[in-house]
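Peer 1: quick one, structure for this:
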Amino acid sequence: MTFIKPGDTVLFQGDSITAAANGYAPMIAAQLDSVTCMNRAVSGDRVTDLHDRWQRDALDLRPDVISVLVGINDTWHAYVTGAGVPVDRYGEVYRDLLDRTRRDLPAVRLILCEPFYLRCGDVTASWAPEVDARRAIVEQLAADYGARFVPFHKLFEGAVTAQTPPAYWAADGVHPTPAGHALMAQAWLDIVQQ
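Peer 2: Have a look, this model is predicted:
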């Protein structure tokens with residue numbers, strides 16, 4: 001069975017990485033024939049922000065497919081503004097968001113994307129344990145809810161070489177360059193089209 005079918009509506013949700021005008025989500029949308037794509041991502045969003053607007057920006061739209069990438073701001077905000085979301089709370093809120101989705105849209109197909117960082121720019125070594133814990137939560141949620149899982153962090157780890165250092169993919173360690181977004185779009189399509 002094809003995961004995304006002609007006539008489907010696909011909703012992209014998340015933060016600035018997904019909201020980027022020339023980012024991975026628009027690149028994906030350009031490759032999906034006979035599919036309506038919506039993007040309701042909001043720059044700066046943490047999982048708690050996503051949860052607060054989920055009714056109007058996801059459930060009320062009644063999409064056939066929802067793709068979510070959220071988690072890096074939950075860590076980044078802890079270092080910049082002191083408004084991060086603890087790892088255990090992140091998992092609880094994300095699970096509640098998915099429970100609401102399954103209750104209100106039982107047939108919706110889910111794509112959960114792994115939060116990621118590259119070791120450059122604003123990212124410090126202290127981020128790694130926390131973001132890695134969030135990555136594990138998302139992978140487990142994907143398994144629990146029958147979602148497709150897109151391993152963006154593993155993708156970037158494999159893409160970093162002497163010729164293509166971390167900053168080639170995301171100069172600040174978080175926001176992808178055009179090359180980074182293109183890599184993400186292809187990985188997303190590869191997973192969804194399996």
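Peer 1: low-confidence bits of the protein, can you list those?
Peer 2: 1 (pLDDT under 70).
Peer 1: what about the helices in it?
Peer 2: 16-19, 24-31, 47-57, 72-80, 87-104, 127-144, 152-159, 166-169, 178-192 (DSSP state H).
Peer 1: and the angle from the fourth one to helix 127-144?
Peer 2: I take that to be helix 72-80. Going by axes from the mean of the first three to the mean of the last three CA atoms, to 10 degrees, helix 72-80 is angled at 160 degrees with respect to helix 127-144.
Peer 1: name the residues that touch helix 72-80?
Peer 2: With contact meaning CB atoms under 8 Å, 6 or more residues apart in numbering, helix 72-80 is reached by 15, 17, 44-48, 83-85, 90, 115-117, 122, 124, 126-127, 130-131, 134, 174. C-betas here are computed from N, CA, C, even on glycine.
Peer 1: quick one on the thing from earlier: let's have the helices of the chain in CSV, adding distance to Ile111 and mean neighbour count.
Peer 2: Below are those laid out as CSV (distance: least, CB to CB, whole Å; neighbours: other CB atoms under 10 Å):
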stretch, distance to Ile111, mean neighbour count
helix 16-19, 11, 21
helix 24-31, 10, 19
helix 47-57, 15, 17
helix 72-80, 17, 21
helix 87-104, 12, 17
helix 127-144, 8, 17
helix 152-159, 11, 17
helix 166-169, 21, 18
helix 178-192, 6, 18
